[in-house]
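Q: this is a predicted model, with the sequence first.
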Amino acid sequence: MQVNQHASMTYLDLIKVALRHHPDILLIGEIRDSQTAQATIQAALSGHLVFSTIHANSASTVGNRLLELGVDKTLLKDVLKVTIYQRLLQQVNGSLAAIADWKEDWQILDQPTSDFGSSWKEVLDGAFKSKRISSKVYEEYKKLPRRQQVEFLSLLGQLIQSGYSINQATNFIQQISRESSWVKNLNLELAKGKNFAFAIKPYLNNSLNFQIGMADRYGNLEKILLQLADFSEKCLKQENKIKQILRYPLVLVFLLIGIAVAVKIFLLPILSSWSNQQRVDFVDEYFWFKVLGVVLMTLLFLFYRWQSFKKMSKLKQLAFYTKIPLFGKTLNHLINYQFSLQLSMLTASGLQISQIAKDISKNNSHSVESDFAEKLVEMLEDGHSFSDYFHELSFLDPTINIYFQQGANKELLNRNLKIYSKISYEKFLTSVDRLISLIHPLSFAIVGIGIVLLYLSMLMPMYQTLGGLNQ
């Protein structure tokens, strides 16, 4: 049956007509709006097998799309059995082939979602390794490397600061970029009327997507893009600085390991042959078996602890990380910076924090930000206050809570949060620089200890051999 709006034959009307015939299988061309989504769910609840299509970024995000259209999550869990994400990709021989990824039952709503889904990436990697698709097609549908994400945001921020609109900036980037296939796809999506947050989603990581999505919905998108560009660029510079500092000590460590192996294999047997004893060594013959046993037991223990750690909520994991000496304080500054920045953006929208938290928690994005929102909603529904929320999450600075307690002046609150986020940001950068300054002495101390142990491993057998000769 064909949809005909002029004849009052909408999706909803046709679904009702089709259900009167008790079909074994019901095919619904596309779920476009909340009415069609609700009718599709009702048809499935009546026991019919329903197939339909919907625009989504991955098999994992189909559930989120239906939730956005107003479908009840409990009903969705009852009826949604399989989601399939399919794309037609050009093969090396020029023909088109359908490459698909799918999720079943609990995987759709309960597993963490990513831009294209981890399974989709595996399918895409498999198609590339088997030479079914070219490197050009592979790069086009693969998430951007972190460096490329930062470069794009940095250039986009500079263009916006120069007076370009987002659409003008992306068109300019397409013209000057060497690898512009993904930017071209981005501009095509924007030309179709899709907002920037939705169009950029397949190419950026979850954290960036969340912040851009919230800015697009509640705040000033262009301003947030400038902040994200600045923050991402500085983080990348810090990472590159750490890599450069670690390069020389790591080379020394590998050389030290190589020398130690050479001494063990070549030098120690020669020293042993100088003695009349069968074995001259400062360790017993089972020493390396004991070391291996200790290492294996340690690895098994760490593996068990890691499996337990992965089952913890993201908020509990953050609480653990912030208690690690040296590193924890740096992470604490970063968490409070991002938390206060998000709050300043959300409070500027004029909505209540509790209302925004409920909205974020319904998105089911499985991000850290979503966990923060779900925790707040849970505590508020249990009768706890906003102050209890900060007491529960001890890694959040109580200063932020004080700003909320000072009064209902939203302009003052927003200004205080922005100032606090800037202060936390500077503290984060200072803390990172302090950590970097400790890397060199610590790494050389480790190398020095290794050299001393290496010398001992050579001198002890020589000392024992000389002692045997004197006797």
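A: Perfect, thanks for sending it. Because the structure is a prediction, the values reported are computed rather than measured.
Q: going forward, measure contacts and count neighbours with C-alpha atoms only.
A: Noted.
Q: around the residue nearest to Leu326 when sequence neighbours are not counted, count how many other residues there are.
A: With CA to CA, 6 or more residues apart in numbering as the criterion, Leu326 has its nearest non-adjacent residue at 7.4 Å, and that residue is Leu435. By the measure other CA atoms under 10 Å, the count of residues near Leu435 is 15.
Q: who are the packing partners of the helix or strand harbouring Leu435?
A: Element membership for Leu435, per DSSP states H and E: helix 410-470. Using 3 or more CA pairs under 8 Å, 6 or more residues apart in numbering; DSSP states H and E, the elements in contact with helix 410-470 are helix 221-262, helix 268-273, helix 327-347, helix 398-405.
Q: Asn167: which of those is closest?
A: Closest of the helices and strands packed on helix 410-470 to Asn167 is helix 221-262, at 11.3 Å (criterion: CA to CA).
Q: tell me what angle that closest one forms with helix 410-470.
A: Computed with axes from the mean of the first three to the mean of the last three CA atoms, to 10 degrees, the direction of helix 221-262 lies at 0 degrees from that of helix 410-470.
Q: just the CA trace of stretch 311-329, in PDB.
A: Extracted in PDB, the C-alpha atoms of stretch 311-329 (Å, rounded to 0.1, in the frame of the first residue of the first chain):
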ATOM      1  CA  LYS A 311      32.400  -4.200  35.800                       C
ATOM      2  CA  MET A 312      32.400  -1.100  38.000                       C
ATOM      3  CA  SER A 313      30.400   2.000  37.000                       C
ATOM      4  CA  LYS A 314      32.300   4.800  35.200                       C
ATOM      5  CA  LEU A 315      31.900   7.100  38.200                       C
ATOM      6  CA  LYS A 316      33.400   4.500  40.500                       C
ATOM      7  CA  GLN A 317      36.300   4.100  38.100                       C
ATOM      8  CA  LEU A 318      36.800   7.900  38.100                       C
ATOM      9  CA  ALA A 319      36.800   7.900  41.900                       C
ATOM     10  CA  PHE A 320      39.500   5.200  41.800                       C
ATOM     11  CA  TYR A 321      41.700   7.100  39.200                       C
ATOM     12  CA  THR A 322      41.500  10.300  41.200                       C
ATOM     13  CA  LYS A 323      43.100   8.500  44.200                       C
ATOM     14  CA  ILE A 324      46.200   7.500  42.300                       C
ATOM     15  CA  PRO A 325      49.200   9.500  43.600                       C
ATOM     16  CA  LEU A 326      50.400  12.300  41.300                       C
ATOM     17  CA  PHE A 327      48.200  11.400  38.400                       C
ATOM     18  CA  GLY A 328      44.900  11.600  40.400                       C
ATOM     19  CA  LYS A 329      45.200  15.300  41.200                       C
END
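Q: pull out the buried positions in stretch 406-416.
A: Across stretch 406-416, burial judged by 16 or more other CA atoms under 10 Å covers Leu413, Asn414, Asn416.
Q: quick one, the helix holding Leu435 and helix 398-405 angle?
A: 170 degrees.
Q: so which elements touch whichever strand or helix holds Gly63?
A: Secondary structure assigned from DSSP H and E places Gly63 in helix 62-68. With contacts taken as 3+ CA pairs under 8 Å, 6+ apart, helix 62-68 sits against helix 106-110.
Q: quick one: mean pLDDT for the helix it packs on?
A: Across helix 106-110, pLDDT averages out at 57.
Q: again, but for stretch 164-176
A: For stretch 164-176, the mean pLDDT works out to 88.
Q: who touches it?
A: For stretch 164-176, contacts defined as CA atoms under 8 Å, 6 or more residues apart in numbering pick out Leu155, Leu156, Leu159, Ile160, Ser180, Val183, Lys184, Leu186, Asn187, Leu190, Phe196, Glu222.
Q: quick one: low-confidence ranges for the stretch 51-200 of the chain?
A: For the stretch 51-200 of the chain, applying pLDDT under 70 flags the ranges 57, 105-121, 136, 139-143, 178-180.
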